[in-house]
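[1] all I have is the shape, not the residue letters:
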């Protein structure tokens with residue numbers, strides 16, 4: 001994806017995690033645009049709005065969101081023909097095996113537990129960036 005601007009949608013309600021994710025992603029050597037939305041209801045409104053010129057290339061989605069939780073956002077996104085091809089990384093503190101199973105049943109592309117340690121969190125974000133933005137080929141939406 002080098003050379004092309006990458007649009008990342010970060011759906012996260014924890015301000016500290018938002019700041020850390022932004023910092024880690026902005027250190028990347030690729031051009032990216034990060035849109036942050038802090039609740040599931042607004043994320044769905046954003047994704048299903050018809051006036052979006054370009055949908056995100058990658059979604060980083062928290063499980064525990066206000067108004068509409070991450071699993072509900074994921075299910076609605078993956079049920080839509082036009083949006084289901086967007087890769088979704090569930091990035092959450094939930095270690096529940098049921099949450100992991102439910103996320104994969106709703107076609108999440110990967111499930112990652114957010115570390116509590118700040119340095120480990122930055123490493124996780126950089127690993128996501130390395131894999132999803134430098135290694136794989138993302139669809140052009």
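    Okay, I see it. Small disclaimer: the values here were computed from a predicted structure and weren't measured.
[2] can you give me the distance of residue 46 to residue 125?
    Between residue 46 and residue 125 the computed distance is 21 Å (C-beta to C-beta, to the nearest Å). C-beta here means a position set from N, CA and C on the backbone, and glycine is covered the same way.
[3] next up, the contacts around the residue nearest in space to the middle of the chain.
    Nearest to the geometric centre of the chain sits residue 60, at 1.0 Å (C-alpha atoms, centre = their mean). Listed by C-beta atoms under 8 Å, 6 or more residues apart in numbering, the contact set of residue 60 reads 8, 9, 10, 11, 12, 21, 89, 91, 128.
[4] try residue 121
    Residue 121 makes contact with 17, 20, 24, 114, 115, according to C-beta under 8 Å, 6+ apart.
[5] one step back: for the residue nearest to the centre of the chain, what are phi and psi?
    Torsion angles at residue 60 (phi, psi; degrees, to the nearest 10) stand at phi -100, psi 110.
[6] got any ranges where this protein has weak pLDDT?
    Applying pLDDT under 70 to the chain flags residues 1-3, 28-30, 50-53.
[7] related to what we said a few turns ago, out of the contacts of residue 121, which end up buried?
    17, 20, 24, 114 (16 or more other C-beta atoms under 10 Å).
[8] so the third one is in which element?
    The one in question is residue 24. helix 15-26 (DSSP states H and E).
[9] would you map the helices across the chain?
    15-26, 40-48, 70-79, 97-105, 118-129 (DSSP state H).
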